[in-house]
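Enquirer: After the sequence you'll find the predicted model.
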Amino acid sequence: MEDSKDGLEPALKQGSAELNDGYVTVSGSLNEPGFLQCRADFTPPPGFRASTGRSGVAVDPLKIKPGLPPPDDFDAYWDKQKKLLAAIPLNVRITKVKSPVEGVECFDVQADCLGAPMSAYMARPTGAAPKTLPAILLLHGAGVASS
């Protein structure tokens with residue numbers, strides 16, 4: 001197991017732990033605002049599959065400060081971009097696609113955006129009632145093409 005601040009090196013703490021009735025307890029601390037992340041690599045007995053899990057917690061997230069000051073035109077730039085985007089009708093398209101997992105529905109979601117359509121995949125348990133599940137949004141930083 002490894003604890004780190006914001007998922008970056010160097011690790012704050014490294015070690016190992018034994019499962020006790022299928023559970024392990026991990027503790028950590030951070031003495032400044034940020035995100036404490038724990039990565040656990042599970043080494044199973046022969047014949048079982050290894051896996052890795054990650055978990056994190058925010059410590060004083062409202063006190064996290066930017067690494068650099070914003071550019072002088074930061075607010076003006078984003079105000080302009082938001083106005084340009086607001087002028088484009090969403091034109092949302094949701095197309096059901098084959099799911100690789102039984103019991104999960106998958107959809108290709110697209111909407112008009114600046115310059116190119118926004119493209120995403122949405123997954124949910126089959127038959128889930130509206131407004132009964134949390135939304136989890138995962139964003140790719142770069143190199144992603146439209147689905």
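Expert: Great, that's in hand. Numbering: from 1, shown residues only.

Enquirer: Which secondary structure element of the chain has the lowest mean pLDDT?
Expert: Ranked by mean pLDDT, DSSP states H and E, the weakest helix or strand in the chain is strand 2-5, scoring a mean of 72.

Enquirer: and stretch 25-38, how far apart are its ends?
Expert: Chord length of stretch 25-38, first to last residue, is 12 Å (Cα to Cα, to the nearest Å).

Enquirer: again, but for stretch 86-106
Expert: With Cα to Cα applied, stretch 86-106 spans 28 Å between its terminal residues.

Enquirer: before we move on, what about stretch 39-55?
Expert: 7 Å.

Enquirer: ok, the residue located most distally from the centre of the chain to residue 101 distance?
Expert: Taking Cα atoms, centre = their mean, the residue of the chain most remote from its mean C-alpha position is residue 46, at 31.6 Å. The spacing between residue 46 and residue 101, counted by Cβ to Cβ, to the nearest Å, is 27 Å. To be clear about C-beta, it is placed using only N, CA and C from the backbone, and glycine gets the same treatment.

Enquirer: same question, residue 73
Expert: Counting by Cβ to Cβ, the gap from residue 73 to residue 101 is 45 Å.

Enquirer: ok, back up a step: how far away from the center of its chain is the least confident helix or strand of the chain?
Expert: Relative to its parent chain, strand 2-5 has a centroid offset of 17 Å by Cα atoms, centre = their mean, to the nearest Å.
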